[in-house]
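Q: Sequence first, predicted coordinates after that:
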Amino acid sequence: MKRHSEKAAFTVIELIVTVFIIALLFSLSMPSIRVILGKADSIACVSNLQQIGLAVQGYAQDNDGNMPMIETDPSNPVYPSGSLTPDNTTPVGLYDTLKDYGITQKNVQCPSDLKANNYYLLKGSSYEWRPYADDEPINNPQVYFRNNPRNVSSSRIRICQDFSGVHNGRMNAVYCDGHVTKPK
């Protein structure tokens, strides 16, 4: 007859070795987990910028083909007091301008920005609207070089991007034609 104390069981040494091996495997996988999480945040950011691009396209359809006038930082306005947008309103931030075109608060929050600089908290958006795009025709925008306007392909004009390089030192951006670039 077997005695109760002779049952198969882990010894303390076996348990310590097992825990050590699991901790070692976890520590070896941490860098790759960080990379995966960073890429997931970048993909969420790209999705947000695509939504912003679609909202700008919708806005342009309702406003004679022109892009909106948006204050990048409403607490530090680009436009002087009394400036009016084409629809006779004062320029406001990204969310307030595009909320009627399907933009939500989540669409103006880059997950990587929220973990780093948090421009969303500081400025109301993780994304910087490019003022040179204000009220320009979406299909035939002009850029001014030494007071000479030039038509530039809409696929070359950034309209909105991350405030800073929160994606491994790089920024995601959306262009007039709606395409989005992301870091590789």
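A: Okay, I see it.
Q: This protein: strands as residue ranges?
A: With DSSP state E, the ranges of strands along the chain come out as 127-129, 142-145, 148-151, 158-162, 173-175, 180-181.
Q: Residue 159 and residue 58, how far apart?
A: Separation of residue 159 from residue 58 (Cβ to Cβ, to the nearest Å): 14 Å. Bear in mind the C-beta positions are built from the backbone N, C-alpha and C, glycine included.
Q: the more surrounded of these two?
A: Using other Cβ atoms under 10 Å, the more surrounded residue of residue 159 and residue 58 is residue 159, with 29 against 15.
Q: can you count the residues close to the nearest residue to the more buried one once chain neighbours are set aside?
A: In space, and not counting its chain neighbours, residue 159 is closest to residue 133: 4.4 Å by Cβ to Cβ, 6 or more residues apart in numbering. Using other Cβ under 10 Å, residue 133 is surrounded by 23 other residues.
Q: Make residue 1 into 37 and carry on from there
A: Renumbered: residue one is now 37, and that last one reads residue 169.
Q: Residue 169 is in contact with residue 197, isn't it?
A: No: between residue 169 and residue 197 there is no contact under Cβ atoms under 8 Å: 11.1 Å.
Q: ok, residue 91 - how many residues close by?
A: Residue 91: 22 neighbours (other Cβ under 10 Å).
Q: OK, contacts around it?
A: Neighbour list for residue 91: 134, 137, 138, 139, 143 [criterion: Cβ atoms under 8 Å, 6 or more residues apart in numbering].
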